[in-house]
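Engineer: just a sequence and a predicted model for now, questions to come.
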Amino acid sequence: MTIKLLSVASEIYPLIKTGGLADVAGALPGALAGQGVSTRTLVPGYPAVLARIGKAKVVRRYDALFGAPATLLAASVHGLDLLVLDAPAFFTREGGPYGDDGGNDWGDNWRRFAALSRVGADIAADGVKGWRPDIVHVHDWQAAMTAAYMRFGPAHAVPRVVTIHNLAFQGRYDAAIFDALGLPPEAWGVDGVEYYGGTGYLKAGLVSADAITTVSPTYAEEIRSPVHGMGLDGLINGRVDRLHGILNGVDTAIWNPADDALIAKGYNARTLSRRAANRRALEKQFGLDADDAPLFVIVSRLTWQKGMDLMTGAIDHLVGLGGKLAVLGSGDHPLEGAFLGAAERHRGRIGVRIGYDEPLSHLMQAGGDAILIPSRFEPCGLTQLYGLRYGCLPVVARVGGLADTVIDANAAAMSAGVATGILHAPSDPLALHGAIAHAVHLHRNKPIWQGMQRAAMRADVSWENSAARYAALYRSLLAGAA
Ligand code: ADP
Ligand code: GLC
């Protein structure tokens, strides 16, 4: 029997993306289709989404959704079956999905994402035009309240899965908003939406979920400790029998070095020499010297989570070892400034592009020798998976999904020919220096480096296994609910 799944997410590739959540929300439906799961995804009607869906069908109207008129639209685009919440008061505005261009969160995010979640629960209860989900799967704090609305409403019998993509973002608000949420009084309390005296959206989702998943097995372990649990470790330990760590995959059709229109020249594991054309194109884009020195790349949010402060401290060391670095990212202004300053200091050796550029991110994986990801924590991480697939070897901190997906070039792995990258101790400047030095050293020996590239490109980074795990989880929940 085909399972009908409602997915709720605040971003989805290729319509709107700020990070890996969009990649996952965009790729999982296609992977699940092969497992007998048909997915409809509820997303907010941001201007970028409305512009891309073209002619859509109105499937439900709200005169007053949290006080504002809204319509639910159905549309099919890029193979995605979408339900789009067109609520102009909440989603039609300039800026990003969560805040303005100056980086300030929208003051009414609590209402915007409660509205999205309320509609998710309504769909679970009433269906849309005869379609009713068997199961509901929601992502991160922006959608987590769907689970709470379901549990305390008419759809309480429909199984619900909440996925944690990043515990650092929890959707915490004042206790005073509770009255406006439209939940019954019993939803307030330690077993409901109350969280340290305030309102917690992710917390509410986690206590209301039939299953909790997160995006790698190691992160599933890490979030049980106070260091990574970010205040929720007690709750998560209490529900550990419902916790599953399921690795993200990548869309191997979009990320395919043999057939990628966004890079200068296609290649595969047997034609690695063709990467040179991508390297030259990349050097040109970043104003870097054209030479064969190890070319490191960074494609990242420039934040503390990603260890980018450690990275700016390691740049002079990297250049001193003869390396070059191309950085694509945006984020904290002091970090952006530090990278730009390094590019000034090391002309021809460091190139920096502040901003978001999807096509350029492909060329960086195709032309770079190694991708640096010194994260302090990393629930899964996708850029190391793209790096593996493109033979741009990941040099990464040993945390979360990075630890689960990269095989360190230690002596044993090297002699077995299975190493795919370099791992270093997290949050440790000297360990990062050591990892960069190790990469430079290995890069000098072409056969060894190419052997690692081939091992990396052989790694299975597809969604196949993980989609099967999600499908098995849905089936077990449905069997339990029946
Ligand atoms: P996170 O979601 O924590 O930012 P992930 O590694 O899971 O980290 O996903 C990041 C996604 O965003 C990847 O698809 C990556 O290629 C992309 N990305 C990050 N920064 C940029 C940028 N400046 N330009 C283009 N793509 C970017
Ligand atoms: C979050 C995490 C990242 C993960 C992504 C998709 O943004 O920071 O590690 O890959 O979600 O699950």
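Structural biologist: Right, received. Where do you want to start? Ligands and ions are numbered 1, 2, ... in the order given.
Engineer: need the strands for the stretch 101-250 of the chain, in chain order.
Structural biologist: For the stretch 101-250 of the chain, the strands defined by DSSP state E, counting those that start in this stretch cover 135-139, 160-164, 172-173, 194-195, 198-200, 211-214, 243-245.
Engineer: how many residues are close by the residue in the chain that ligand 1 sits nearest to?
Structural biologist: Nearest to ligand 1, among the residues of the chain, is G20, at 2.2 Å (Cβ to the nearest ligand atom). Bear in mind the C-beta positions are built from the backbone N, C-alpha and C, glycine included. Applying other Cβ atoms under 10 Å, we find 24 residues neighbouring G20.
Engineer: so who does it touch?
Structural biologist: 165, 248, 380-382 (Cβ atoms under 8 Å, 6 or more residues apart in numbering).
Engineer: go on, L202?
Structural biologist: With Cβ under 8 Å, 6+ apart, L202 has these contacts: 140-141, 144, 162, 164, 167, 169-171, 232.
Engineer: ligand 2 next: which of those are close?
Structural biologist: Among the contacts of L202, none lies close to ligand 2 by the criterion of Cβ under 6 Å from any ligand atom.
Engineer: out of the residues you listed, who's nearest A204?
Structural biologist: Of all these, A144 has the smallest distance to A204: 6.4 Å, by Cβ to Cβ.
Engineer: what's the closest non-adjacent residue to the closest one?
Structural biologist: Spatially, and ignoring its direct neighbours in sequence, A144 is nearest to G205 (2.7 Å; Cβ to Cβ, 6 or more residues apart in numbering).
Engineer: just give me the neighbour total for the one you found.
Structural biologist: G205: 33 surrounding residues under other Cβ under 10 Å.
Engineer: shouldn't G434 be within a helix?
Structural biologist: Yes: under DSSP: H, G, I helix; E, B strand; the rest coil, G434 sits within a helix.
Engineer: count the residues that sit near it.
Structural biologist: 15.
Engineer: what does Q285 give?
Structural biologist: Counted by other Cβ under 10 Å, the residues lying close to Q285 total 17.
Engineer: ok, it - contacts?
Structural biologist: Contacts of Q285 by Cβ under 8 Å, 6+ apart are 326, 351, 353, 360, 363.
Engineer: what parts of this protein come near ligand 1?
Structural biologist: 19-20, 23, 299-301, 328-330, 356-358, 361, 380-383.
Engineer: ok, S76 - contacts?
Structural biologist: So, once contact is read as Cβ under 8 Å, 6+ apart, S76 ends up touching L82.
Engineer: bridging residues for it?
Structural biologist: Residues in a beta bridge with S76, per DSSP bridges, are D81.
Engineer: look at it and report its pLDDT.
Structural biologist: In this model, S76 is scored at 96, pLDDT.
Engineer: how near is it to L82?
Structural biologist: According to Cβ to Cβ, to the nearest Å, S76 stands 7 Å off from L82.
Engineer: also H346?
Structural biologist: H346 is 45 Å from L82, by Cβ to Cβ.
Engineer: L325 too?
Structural biologist: 39 Å.
Engineer: okay, now K57: neighbour count?
Structural biologist: 11.
Engineer: let me fix that: A75
Structural biologist: Going by other Cβ under 10 Å, the residues that sit close to A75 add up to 18.
Engineer: now swap in the one 10 residues further on and tell me
Structural biologist: For L85, the number of neighbouring residues by other Cβ under 10 Å comes to 27.
Engineer: which SS class is it?
Structural biologist: strand.
Engineer: shouldn't it be in contact with F91?
Structural biologist: Yes: L85 lies in contact with F91 (Cβ atoms under 8 Å); the separation is 7.2 Å.
Engineer: quick check: neighbours shared by those two?
Structural biologist: Common neighbours of L85 and F91 (Cβ under 8 Å, 6+ apart) are 44-45.
Engineer: my guess is L116 contacts P44. True?
Structural biologist: Yes: here L116 reaches P44: they are 5.6 Å apart, a contact under Cβ under 8 Å.
Engineer: overlap in contacts of these two?
Structural biologist: The contact lists of L116 and P44 share 10, 85, where a contact means Cβ under 8 Å, 6+ apart.
Engineer: quick one: low-confidence residue ranges for the chain.
Structural biologist: Applying pLDDT under 70 to the chain flags residues 482.
Engineer: now with 90, please.
Structural biologist: 1, 54-55, 101-103, 480-482 (pLDDT under 90).
Engineer: pull out the buried residues from the contacts of G20.
Structural biologist: Buried members of the contacts of G20, scored by 16 or more other Cβ atoms under 10 Å, are 165, 248, 380-382.
Engineer: which one of those sits closest to W449?
Structural biologist: For the buried ones among the contacts of G20, the nearest to W449 is G381 (22.1 Å; Cβ to Cβ).
Engineer: correct me, but the closest one touches A403?
Structural biologist: No: between G381 and A403 there is no contact under Cβ under 8 Å: 9.8 Å.
Engineer: any idea how far P184 is from H156?
Structural biologist: For H156, the distance to P184 - Cβ to Cβ - is 11 Å.
Engineer: so these two - more neighbours on which side?
Structural biologist: Applying other Cβ under 10 Å to H156 and P184 shows that H156 carries more neighbours, namely 14 against 10.
Engineer: contacts only, for the residue lying closest to that one once chain neighbours are set aside.
Structural biologist: Counting by Cβ to Cβ, 6+ apart, M150 is the residue found nearest to H156 once chain neighbours are left out, at 6.1 Å. Contact analysis of M150 by Cβ under 8 Å, 6+ apart lists 120-121, 124-125, 136, 156, 158, 160, 208.
Engineer: and M150, how far from ligand 2?
Structural biologist: Distance, M150 to ligand 2, using Cβ to the nearest ligand atom, to the nearest Å: 22 Å.
Engineer: same thing with A411?
Structural biologist: The value you get for A411 to ligand 2, if Cβ to the nearest ligand atom is used, is 29 Å.
Engineer: cool, and A455?
Structural biologist: Counting by Cβ to the nearest ligand atom - A455 and ligand 2 are separated by 22 Å.
Engineer: up against ligand 2, what does this structure have?
Structural biologist: Counting by Cβ under 6 Å from any ligand atom, the chain sits next to ligand 2 at 19-21, 24, 165-166, 215, 248, 378-382, 401.
Engineer: nice, that's everything, thank you.
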